[in-house]
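Novice: next comes the sequence, and after it the predicted model I'd like to discuss.
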Amino acid sequence: MHRKYFLKTIFGASILISMDRFSSINNSISDTNKTNNTSIRFASFGAIHLNNTSLEKSTFFWTKIAGMKLRSSSEKIAEFGTETKTLVVVYETAKYPFKKGYSGLYHVAIHAPNNKAFANMINRLMVQNYPFSPVDHTMSKSVYLDDPDGINIEFTLETPERFKRVVTNGGLRIEDVDGNVKSASDYLNINEVLEYLEDNNSAKIIDEDTYIGHLHLYANNVENSNTFYTKIGFIPFNNFPQFMYSDLGFGGAYQHRIALNSWHGINRPLAPKEQAGMRYFHINFNSKEKLEQAVKNVSEYEKKDDGYFVYDTTGNSIFLSNS
């Protein structure tokens, strides 16, 4: 079934566009949800590694559009991030841009640490007149944009304190803590976000506490992928086989850390290496015990001096470490 037709059938035309960026679907407030809200975060993401077609275009995007610092570069590789840490590594190895229809990366999310930093992110896009889509998921505030190769990037501010539950009667909607029921992906009021903007200097580097906050992946089989991430320690949050969607967390109030869908079709092959997209991503566990438990529960791994490379059931490459 065509992906958009599938989504339209499930969610209805009125929210089709917003559901394309759908963050969290839930039928009720579960006991698991309540427990996880008080749990301690036990992992974080390291840098994401991307294959692109042009280092020159990628450098413009990650510095001028995303506001990151060019931390290092060579003929074919460049690292971008804050003043002190790398968030994105780009390799000029792709022969053609990102193409939909394959499994692999759906989008990667760069999370702002506070309202001011999020306002700065959006203000920079507006100053550069760069196209983006604003969406309010209640659990988060987000804008979506594409890099020069068509890889989808999300800028996010976590707001789990606004989220209460998902309402399914009459369509999928979200109830916030004040009892307001709204679209799962509502319109984000940009003017309200920009009220936190303290200066209009779009040239300064992004906030030092900016981080890779979640990844949304096209899975060739959501159930199998959900099982894999559960085995390496992630905590299941939503799991809706009927919607070909699930997501999982690694502790803390915000539980949408790895999201999985098969909206592009079941058993779709992993995107070829010649295509722009994700090379691999990095999960850093807070403890050696968590890392060892994760590696113990995968069938194959490649040991490195500072961690392990593993592959999820779709074939995505993941570097696991503890530091």
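Specialist: Yes, it's here. Numbers count the residues shown, from 1 in each chain.

Novice: model confidence over stretch 305-318, on average?
Specialist: The pLDDT scores in stretch 305-318 average 97.

Novice: just stretch 41-50 next, same as before
Specialist: 97.

Novice: distance from the chain centre to that stretch, please.
Specialist: Taking Cα atoms, centre = their mean, to the nearest Å, one finds the center of stretch 41-50 at 11 Å from the center of the full chain.

Novice: okay, buried residues for that stretch please.
Specialist: Neighbour counts using 16 or more other Cβ atoms under 10 Å place 42-43, 45-50 of stretch 41-50 among the buried residues. Every residue, glycine included, has its C-beta placed from N, CA and C.

Novice: where does the residue minimising distance to the centre of the chain land in three-state SS?
Specialist: Central residue of the chain (Cα atoms, centre = their mean): Leu215, 2.9 Å from the mean position. Recorded secondary structure, Leu215: strand (DSSP: H, G, I helix; E, B strand; the rest coil).

Novice: spatially nearest residue to it (excluding sequence neighbours)?
Specialist: Val108 (5.3 Å; Cβ to Cβ, 6 or more residues apart in numbering).

Novice: so that neighbour sits against Ile153, correct?
Specialist: Yes: using Cβ atoms under 8 Å, Val108 makes contact with Ile153 at a distance of 6.3 Å.

Novice: burial measure for Ala276, as a count.
Specialist: Neighbour count for Ala276, taken as other Cβ atoms under 10 Å: 27.

Novice: residue contacts, the closest residue to it other than its chain neighbours?
Specialist: Spatially, and ignoring its direct neighbours in sequence, Ala276 is nearest to Asp149 (3.6 Å; Cβ to Cβ, 6+ apart). Asp149 makes contacts with 52-54, 57-58, 94, 97-98, 276, as judged by Cβ atoms under 8 Å, 6 or more residues apart in numbering.

Novice: okay, and which of these map to helices?
Specialist: If you go by DSSP state H, the contacts of Asp149 have 57-58 in helices.

Novice: let's have the contacts of Asp149 in TSV, adding distance to Asn261.
Specialist: As requested, the contacts of Asp149 are arranged in TSV below (distance: Cβ to Cβ, whole Å):
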residue	distance to Asn261
Asn52	24
Thr53	26
Ser54	29
Lys57	28
Ser58	26
Ala94	23
Pro97	21
Phe98	17
Ala276	20
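
Novice: nearest to Met68 among the contacts of Asp149?
Specialist: Ser58 (10.8 Å; Cβ to Cβ).

Novice: quick one: contacts for the closest one?
Specialist: 50, 52, 78, 90, 92, 147-149.

Novice: list only buried entries from the contacts of Asp149.
Specialist: The neighbour-count criterion (16+ other Cβ under 10 Å) marks 52-54, 58, 94, 97-98, 276 among these as buried.
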